[in-house]
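Student: give me coordinates for this.
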Amino acid sequence: MTLTWPAEQARQACLLLAATPEACDDALYMEQGELWLLRRYPATLTEVELELLLKQQLAMAALMVPAARTTPPPRPFIGRFA
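Tutor: Model prediction:
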């Protein structure tokens with residue numbers, strides 16, 4: 001499945017995968033500037049197992065979708081109030 005992460009943020013996606021034990025069978029692949037979330041599934045699965053693993057992968061992909069911002073984050077105020 002493709003991810004909506006820009007190619008420049010692929011390192012962040014890799015760190016997120018590495019920090020998530022449930023994603024041990026997941027990998028990222030980049031082709032033509034598009035980021036893909038890949039998963040290795042066991043050879044023999046029941047329908048229920050496949051459905052659960054697919055839901056887990058979809059949840060992982062949802063975590064990787066960057067939050068849309070309508071306004072830029074506020075700049076930090078440098079200095080002190082008197």
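Student: poorly predicted segments of the chain, please.
Tutor: Per-residue confidence of the chain (counting by pLDDT under 70) places the weak regions at 65-82.
Student: residue contacts, the residue most central in space within it?
Tutor: In the chain, the centroid-proximal residue (Cα atoms, centre = their mean) is residue 64; its distance is 2.6 Å. Neighbouring residues of residue 64 by Cβ atoms under 8 Å, 6 or more residues apart in numbering: 3, 5, 13, 16, 37. (Each C-beta comes from the backbone N, C-alpha and C, glycine too.)
Student: tabulate the residues you listed (TSV), appending neighbour count.
Tutor: Compiled in TSV, these are given as follows (neighbours: other Cβ atoms under 10 Å):
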residue	neighbour count
3	20
5	19
13	20
16	16
37	20
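Student: mind listing which of those are in helices?
Tutor: Using DSSP state H, the members of those that fall within helices are 13, 16.
Student: helices and strands around the strand or helix carrying residue 55, which ones?
Tutor: In this structure, residue 55 sits in helix 47-63 according to DSSP states H and E. Based on contacts counted as 3 or more Cβ pairs under 8 Å, 6 or more residues apart in numbering; DSSP states H and E, the elements that helix 47-63 packs against are strand 34-39.
Student: alpha carbons of the strand it packs on, as CSV, please.
Tutor: Extracted C-alpha coordinates of strand 34-39, given in CSV (Å, rounded to 0.1, in the frame of the first residue of the first chain):
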residue,chain,number,x,y,z
GLU,A,34,6.5,7.1,-3.9
LEU,A,35,6.7,5.4,-0.6
TRP,A,36,5.2,1.9,-0.1
LEU,A,37,4.5,0.0,3.1
LEU,A,38,5.2,-3.6,2.5
ARG,A,39,4.4,-6.6,4.8
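Student: how close does the residue nearest to residue 25 when sequence neighbours are not counted sit to residue 60?
Tutor: Taking Cβ to Cβ, 6 or more residues apart in numbering, and ignoring the residues beside it in sequence, residue 25 has residue 40 as its nearest neighbour in space, at 4.7 Å. Separation of residue 40 from residue 60 (Cβ to Cβ, to the nearest Å) stands at 13 Å.
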